[in-house]
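Undergrad: Give me coordinates for this.
(one chain, ligands or ions: 2)
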Amino acid sequence: METLITDSPREAAAILNQGKTVAFPTETVYGLGAAIDSPKALAEVFKAKGRPPDNPLIVHISTPEELPRVASTLSPEAKLLISRFFPGPLTLVLPKSSAVPYAVTAGLDTVGVRCPAHPIAHEFLQCCHSPIAAPSANRSGRPSATSWEAVQNDLEGRISVILRGAPSRIGLESTIVDCSGPHPLMLRAGAVTLEELQAVVPSITPAGKTIKNEAPKSPGLKYPHYAPKAAILTHEQGDAPQEAGPASAWIGLGTPPSGIAIAKTCASLDEYARELFSFFRYCDREAIHAIYCELPPNQGLGRAIRDRLKRAEQS
Ligand code: AMP
Ligand code: MG
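TA: Ligands and ions are numbered 1, 2, ... in the order given. Predicted coordinates for the structure are as follows:
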């Protein structure tokens, strides 16, 4: 399949409306979209990524007014979160409407819904005739794509269109909050922090580990994720190894160990989040064997960075 690269949201949407797959920029990471009413395009998303079929897709809408098309009911907590954080880097898990097929939700009666705060994504979604199911636009298991070039590296020849935009402003996937049960649960940390969520809905708690034999709350989180080819070795602040072996890299907020081939010191948590996945990909191109990663404190945006680093280390 030939992959068209375009700067036109209108052109990309016209091709998507013919039942094709389109990668598009958002403020979190690039997404790989298919219309929720196109079974063929949805199947192509799973195939292009190599995504396991039991990992549900997040549905993207252009404005909060489209929510009733995809969600059947909104709890009072969901309404508060929507009025505060939509559009933005927050996905809500809600009871699904009949318009959302089980191919999107991997058989669940709930649907993850997000409204991106990104001008190109907004124009693209507005030109699409239906809501768009879109996981991150990377091969399954790899770091999410935060630039159109990273999408091209992973998916050229496997998808119909790449809608080109700037590198993603946030660089980590959306925060996910499950509002379908009795208590709202944060399933995945992201740029909307737990502290910000609790300022609006104090009862939100982070989801604990899934109990053995219990269905996972967020099926996708059981899979390996975010992993470059190099080994990831995390350390707490102040605990960096004295010296690192050859062909090693380091990323963090403090001082790199000596002997490092490639070191990236970030000036802020925002920069750490924004640069992390593109740094992983850069290290792979440079044939780095091990990437040492400093863990930020477990609060604010640091919680999301720690989460991704720990998952990449285990992958
Ligand atoms: P990605 O778009 O690649 O970041 O993956 C989407 C993530 O959202 C996966 O971890 C899914 O498990 C999660 N997700 C999507 N829909 C649901 C849902 N209905 N319930 C729980 N988690 C979901
Ligand atoms: Mg993903």
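Undergrad: Do you know the pLDDT at residue 244?
TA: On pLDDT, residue 244 comes in at 83.
Undergrad: ranges for the helices of the stretch 101-250 of the chain?
TA: All helices of the stretch 101-250 of the chain, identified by DSSP state H, counting those that start in this stretch, fall at 102-105, 119-127, 148-155, 194-200.
Undergrad: With respect to residue 18, which of those helices lies nearest?
TA: Nearest to residue 18 among the helices of the stretch 101-250 of the chain is helix 119-127 (12.6 Å), distances taken as C-beta to C-beta. For glycine as for every other residue, the C-beta is placed from the backbone atoms N, C-alpha and C.
Undergrad: Just checking the closest one against ligand 1, any contact.
TA: No. Against ligand 1, helix 119-127 shows no contacts by C-beta under 6 Å from any ligand atom, the least distance being 13.7 Å.
Undergrad: so what secondary structure elements neighbour that helix?
TA: Contact here means 3 or more C-beta pairs under 8 Å, 6 or more residues apart in numbering; DSSP states H and E; on that basis helix 119-127 packs against helix 9-16, strand 22-24.
Undergrad: any idea which of the ones you listed is most buried?
TA: Of all the helices and strands packed on helix 119-127, strand 22-24 carries the top mean neighbour count, a mean of 31, counting by mean count of other C-beta atoms under 10 Å.
Undergrad: which ones are touching the closest residue to residue 283 other than its chain neighbours?
TA: Nearest residue to residue 283, sequence neighbours excluded (C-beta to C-beta, 6 or more residues apart in numbering): residue 249, at 4.8 Å. Listed by C-beta atoms under 8 Å, 6 or more residues apart in numbering, the contact set of residue 249 reads 230, 260-264, 279, 283, 286, 288, 290-292.
Undergrad: By proximity to ligand 1, which residue of this structure wins?
TA: residue 220 (2.5 Å; C-beta to the nearest ligand atom).
Undergrad: Help me confirm that that residue comes into contact with residue 58.
TA: No. With contact defined as C-beta atoms under 8 Å, residue 220 does not reach residue 58; the gap is 9.5 Å.
Undergrad: so how far does stretch 176-188 reach from one end to the other?
TA: 5 Å (C-alpha to C-alpha, to the nearest Å).
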